[in-house]
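Student: A predicted structure for the sequence below; I have some questions about it.
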Amino acid sequence: MRKLYYILFAVCIMISCSVVKPKLYIIQGHVTHSKSWCSGMAPGPDYYQEEQNPASYIGLKLYIKRGKENSTKSKIYTSIITDTAGNFTLKLSAGNYIIIREDKLKKAIIPQDAQYAKWDSACIIENWQNGDYKFSVNEKSNKKISFDLRQYCTWNYPCLEYSGPLPP
């Protein structure tokens, strides 16, 4: 009986030693947000200064998925919220990842064309699949990432062909 316990103990030790945890890499990120100039008089020097140094995006919830593109079938790996400086930290194993905002968790929505607005559905789907930021994690990858999330005017969204009058 005692021999059986020793054998079971040895087997448990071997099994626990054979389970290898993947190496985790610390990824530090910074998110900013910028705005397009939408109307009115020509922008002043403050606008151009802000364009070169966009504001940190504070308190933004982002979702991280594994893989090279967004899909309704891909599961959320983890989520983060940017801090008071627009920063976040992740611990990830090697692989490809994509960062998306909440609006990209659901299937891409193609807006209806209007009198002055024609939407490119293939472009919208591609933008949705590309997410907000893609990156790879491995021994050689950069452990610091930074990206900007731009706010567009109603008439200059990506994938929109607008042919109407511009605001004053």
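Tutor: Everything's here; your move. Numbering: from 1, shown residues only.

Student: Which elements pack onto the helix or strand where Q49 lies?
Tutor: Using DSSP states H and E, Q49 sits in helix 45-52. In this structure, helix 45-52 packs against strand 24-35, with contacts taken as 3 or more Cβ pairs under 8 Å, 6 or more residues apart in numbering; DSSP states H and E. Quick note: C-beta positions are derived from backbone N, CA and C, even for glycine.

Student: lowest-confidence helix or strand of this structure?
Tutor: Lowest on mean pLDDT, DSSP states H and E among the helices and strands of the chain sits helix 2-18, with a mean of 60.

Student: so how far is A42 from the most centrally placed residue in the chain?
Tutor: For the chain, the residue nearest the mean C-alpha position is I99 (1.9 Å; Cα atoms, centre = their mean). For I99, the distance to A42 equals 34 Å [Cβ to Cβ, to the nearest Å].

Student: do S141 as well
Tutor: Applying Cβ to Cβ to S141 and A42 gives a distance of 41 Å.

Student: In terms of neighbours, single out the busier of those two.
Tutor: S141 (14 against 6; other Cβ atoms under 10 Å).

Student: pretty sure that one contacts Y97?
Tutor: No. If you go by Cβ atoms under 8 Å, S141 and Y97 don't touch, sitting 10.3 Å apart.

Student: Touching both of those two, which residues are there?
Tutor: F135 (Cβ atoms under 8 Å, 6 or more residues apart in numbering).

Student: Okay, now the unreliable bits of the protein?
Tutor: Across the chain, the ranges flagged by pLDDT under 70 are 1-19, 48, 168.

Student: all strands of it, in order?
Tutor: Taking DSSP state E as the criterion, the chain contains strands spanning 24-35, 55-56, 61-66, 76-81, 87-93, 95-100, 117-119, 133-137, 144-151, 160-162.
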